[in-house]
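J.: Fold the following.
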Amino acid sequence: MTSAGAGWSDERLARWIGNLLRVGVGTAAAVVLLGGVLYLARHGGEMPSYRVFHGEPSQLRSVGGILRSAPQLGGRGIIQLGLLLLIATPIARVAFAVLGFAMERDRTYVLVSLIVLATLLFSLAGGPR
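T.: Numbers count the residues shown, from 1 in each chain. Okay, here's the model as predicted:
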């Protein structure tokens, strides 16, 4: 991928993508850890009831609900935000691939990558309802 862009090369794009993946996973892990600490600080002493399964609250089952919940510094909301960041990391990687293929002017791979990106975003948004 010797480039059309300002100094972009295969190696430079690969470094950017590698750094994106490292930072994305590290940030997601730190956010989940913070959420876990907050959750345990508030609920660590509670005795769990294993007789009835209680899933995630309904507000934490959508991206919008998670984004509204996380700033309130609730442990569950922050943990879910960290998981969203973890999911967003490979999605960002596919977006970078689209840019790389576009700079290379490889229309076939741009199209295929855009289809993959659209599929990922569609499934993240909840798919067909």
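J.: Give me the distance between Pro71 and Leu81.
T.: 9 Å (Cβ to Cβ, to the nearest Å). From N, CA and C alone the C-beta is placed, and that goes for glycine too.
J.: likewise Arg51?
T.: 30 Å.
J.: Looking at these two, which one has more neighbours?
T.: Leu81 (22 against 5; other Cβ atoms under 10 Å).
J.: so what's that one up against?
T.: Leu81 makes contact with 31, 35, 66-67, 70 under the criterion Cβ atoms under 8 Å, 6 or more residues apart in numbering.
J.: Quick check on those: which are buried?
T.: Neighbour counting with 16 or more other Cβ atoms under 10 Å marks 31, 35, 66, 70 as buried within the contacts of Leu81.
J.: Check which residues of the helix or strand of the chain with the lowest mean pLDDT are buried.
T.: Least confident helix or strand of the chain, by mean pLDDT, DSSP states H and E, is helix 63-69 with a mean of 84. For helix 63-69, the neighbour count (16+ other Cβ under 10 Å) marks 65-66, 69 as buried.
J.: So which elements touch the strand or helix carrying Leu21?
T.: Element membership of Leu21, judged by DSSP states H and E, is helix 10-43. Applying 3 or more Cβ pairs under 8 Å, 6 or more residues apart in numbering; DSSP states H and E, one finds that helix 10-43 contacts helix 75-104.
J.: any idea what sits nearest the spatially most central residue of the chain, other than its immediate chain neighbours?
T.: The centroid of the chain falls nearest to Ala88 when counting by Cα atoms, centre = their mean (2.0 Å). For Ala88, ignoring the flanking residues on the chain, the nearest one in space by Cβ to Cβ, 6 or more residues apart in numbering is Gly24 at 7.0 Å.
J.: Surely that neighbour is in contact with Phe96?
T.: No: judged on Cβ atoms under 8 Å, Gly24 makes no contact with Phe96 at a distance of 11.0 Å.
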